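Participant: Sequence isn't available, so here's the structure alone:
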Ligand SMILES: CC(=O)N[C@H]1[C@@H](OP(=O)(O)OP(=O)(O)OC[C@H]2O[C@@H](n3ccc(=O)[nH]c3=O)[C@H](O)[C@@H]2O)O[C@H](CO)[C@@H](O)[C@@H]1O
Ligand SMILES: C=C(OP(=O)(O)O)C(=O)O
């Protein structure tokens, strides 16, 4: 199994290109199921999760064609053609490997009038139930039945009615599912307390490009007027704000000056505010950000929250960065109940972190020391990479497949700005 080897202590300097967003890609790809015309997605990141989702679309009878990209390019162009669905089932074997597979439920139901999707189950960061996806779909006319670990959803008469639903808590995935299901409903839908993440804005814009009628995009109330059918479109996946934030944390702690290119600056508000508070230089340009740091960081108090708050997907990377701050930081995780799996691994490298319930107190230390560590989930893995970049000696990060879900050719991007990092295929 692959490992990533890092010899810490190098400053980072140069340009680092940001890829298309994983979390946008995973909700734009199922939109291809909503029409019998082609949907072309540009700037699609090369990630294990994107390949996995392509495989799921193929299983349902959609073809996925990759066009005109060279291996050295970041990003790809994919055309999804779902002239006819040959299956309406997302099987356990695929769903268990990739939670985002649940996002085919709404589109299959809207397109075919019925869908059968395996329940995803929990994962390392938490329980992650799908009750809100189901309640929202029910509110717009779906009939649901659960058996043998699957949910079967039916639209009476073959088409959803539309309806009103107010989310009791904000859910990104459930908002995406119900929006994709509602766009071709017979009537109108009103979704309240919807998630406002930039990836949801990206989804809505793509659906509008396909002929959907959605008002309130980017707000917590989405009003959707169902249309008879959607058509094909070409759409560019937004840049990955979490990938950009991760490399910003790396540059902040390693020191140096890195220009992150192809960035959607507007989507990164809370991350940039936190970096500035830590004393990091941030220069916002039109579609790039220059991060400059002498490696001297101030401690922070951060609490994760739905967008526009501080993202849970940035918590682990900030924690790694703050291990070297001058003083004690306090991080509180409010979204997932078990998102501190990186703490014992960072401790192996010399970090001083105490976790009590949802709060972690991170006392800055003078030095981190390289060690063999194990990645447990995607962002936890990135936190270990960040720590490895400033640790003395060698860090080897095992279970790299977590990183490959969400970071396109990480070792290549970091080497290009001066990091001493490589992938070892024999570990
Ligand atoms: C592919 C993708 O886009 N993943 C992102 C998405 O995950 P995901 O869409 O799974 O996250 P949600 O926003 O749905 O989850 C937020 C909270 O709501 C709970 N919940 C969610 C659904 C539900 O039916 N019932 C329920 O209780 C979850 O367990 C969690 O505690 O948003 C998360 C929160 O920003 C990010 O960390 C993930 O990177
Ligand atoms: C938790 C994440 O992703 P997923 O929802 O795909 O597990 C993430 O991107 O940090």
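Facilitator: Nice, thanks for sending it over. These numbers were taken from a predicted model, which means no experiment stands behind them. Ligands and ions are numbered 1, 2, ... in the order given.
Participant: Grab the nearest non-local neighbour of residue 183.
Facilitator: Spatial nearest neighbour of residue 183, excluding adjacent residues (C-beta to C-beta, 6 or more residues apart in numbering): residue 212 at 4.0 Å. The way it works is simple: take the backbone N, C-alpha and C, and place the C-beta from them, glycine included.
Participant: where does that neighbour land on pLDDT?
Facilitator: Note on residue 212: pLDDT of 98.
Participant: Please apply the same query to the one 10 residues further on.
Facilitator: The predicted structure scores residue 222 at 98 on the pLDDT scale.
Participant: Correct me if wrong: it contacts residue 195.
Facilitator: No - checked against C-beta atoms under 8 Å, the pair residue 222 and residue 195 is beyond contact range at 9.7 Å.
Participant: list residues touching both of these two?
Facilitator: Common neighbours of residue 222 and residue 195, counting by C-beta atoms under 8 Å, 6 or more residues apart in numbering, are residue 175.
Participant: returning to what we had before: I'd say the residue nearest to residue 183 and residue 180 touch.
Facilitator: No - counting by C-beta under 8 Å, residue 212 does not reach residue 180; the two are 9.2 Å apart.
Participant: what about those two, which has more around it?
Facilitator: residue 180 (27 against 23; other C-beta atoms under 10 Å).
Participant: Which residues does stretch 304-312 contact?
Facilitator: Here stretch 304-312 makes contact (C-beta under 8 Å, 6+ apart) with 170, 172, 195-198, 241-242, 245, 269-271, 274, 302-303, 314-315, 332-336, 339.
Participant: Can you point out the buried residues in it?
Facilitator: Judged by neighbour count using 16 or more other C-beta atoms under 10 Å, the buried positions of stretch 304-312 are 304, 306, 307, 310, 311, 312.
Participant: can you check stretch 225-242 too?
Facilitator: Residues 226, 230, 232, 233, 235, 236, 237, 238, 239, 240, 241, 242 are the ones in stretch 225-242 that count as buried (16+ other C-beta under 10 Å).
Participant: Counting only helices, which of these make the cut?
Facilitator: Judged by DSSP state H, helices contain the following of these: 241, 242.
Participant: Mind checking what secondary structure residue 161 has?
Facilitator: Look at residue 161: counting by DSSP: H, G, I helix; E, B strand; the rest coil, its state is coil.
Participant: which residues touch it?
Facilitator: So residue 161 contacts 140, 141, 185, 186, 187 (C-beta under 8 Å, 6+ apart).
Participant: List only buried entries from those.
Facilitator: Looks like those have 140, 141, 185 buried, using 16+ other C-beta under 10 Å.
Participant: Pull up the gap between the last one and residue 230, please.
Facilitator: In this case it means residue 185. 12 Å (C-beta to C-beta, to the nearest Å).
Participant: So what's the residue count around whatever residue of the chain ends up closest to ligand 1?
Facilitator: Using C-beta to the nearest ligand atom, the single residue of the chain nearest to ligand 1 is residue 173, 2.7 Å away. Neighbour count of residue 173, defined by other C-beta under 10 Å: 23.
Participant: Can you tell me the element it falls in?
Facilitator: helix 172-182 (DSSP states H and E).
Participant: who does that helix touch, helix- and strand-wise?
Facilitator: helix 22-28, helix 105-112, helix 131-139, strand 188-192, helix 198-209, strand 221-225 (3 or more C-beta pairs under 8 Å, 6 or more residues apart in numbering; DSSP states H and E).
Participant: which strands and helices sit next to the longest one?
Facilitator: The one in question is helix 198-209. Using 3+ C-beta pairs under 8 Å, 6+ apart: helix 198-209 touches helix 22-28, helix 172-182, strand 213-215, strand 233-236.
Participant: so can I have TSV of those showing distance to residue 396?
Facilitator: Supplementary listing: these in TSV, determined by distance: least, C-beta to C-beta, whole Å:
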stretch	distance to residue 396
helix 22-28	25
helix 172-182	33
strand 213-215	47
strand 233-236	36
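Participant: Show me the helices in the stretch 201-350 of the chain, by range?
Facilitator: 241-254, 269-277, 315-322, 342-348 (DSSP state H, counting those that start in this stretch).
Participant: Serialize those helices to CSV and add fields for distance to residue 207.
Facilitator: Listed next are the helices of the stretch 201-350 of the chain as CSV, based on distance: least, C-beta to C-beta, whole Å:
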stretch, distance to residue 207
helix 241-254, 20
helix 269-277, 24
helix 315-322, 30
helix 342-348, 35
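Participant: got the residues of this protein near ligand 2?
Facilitator: Residues of the chain lying close to ligand 2 by C-beta under 6 Å from any ligand atom are 23, 99, 100, 125, 313, 378, 379, 406.
Participant: thinking the fourth one is in contact with residue 333, fair?
Facilitator: No - Residue 125 sits out of contact with residue 333 when judged by C-beta under 8 Å, with a separation of 9.3 Å.
Participant: just to revisit the earlier point, now do the contacts for the residue nearest to residue 183.
Facilitator: Residue 212 touches 183, 184, 204, 224, 227, 230, counting by C-beta under 8 Å, 6+ apart.
Participant: The first one contacts residue 230, doesn't it?
Facilitator: What that stands for is residue 183. Yes - contact criterion C-beta under 8 Å: residue 183 and residue 230 qualify, at 6.6 Å.
Participant: Show me the common contact partners of the two, please.
Facilitator: In contact with both residue 183 and residue 230: 34, 207, 212, using C-beta under 8 Å, 6+ apart.
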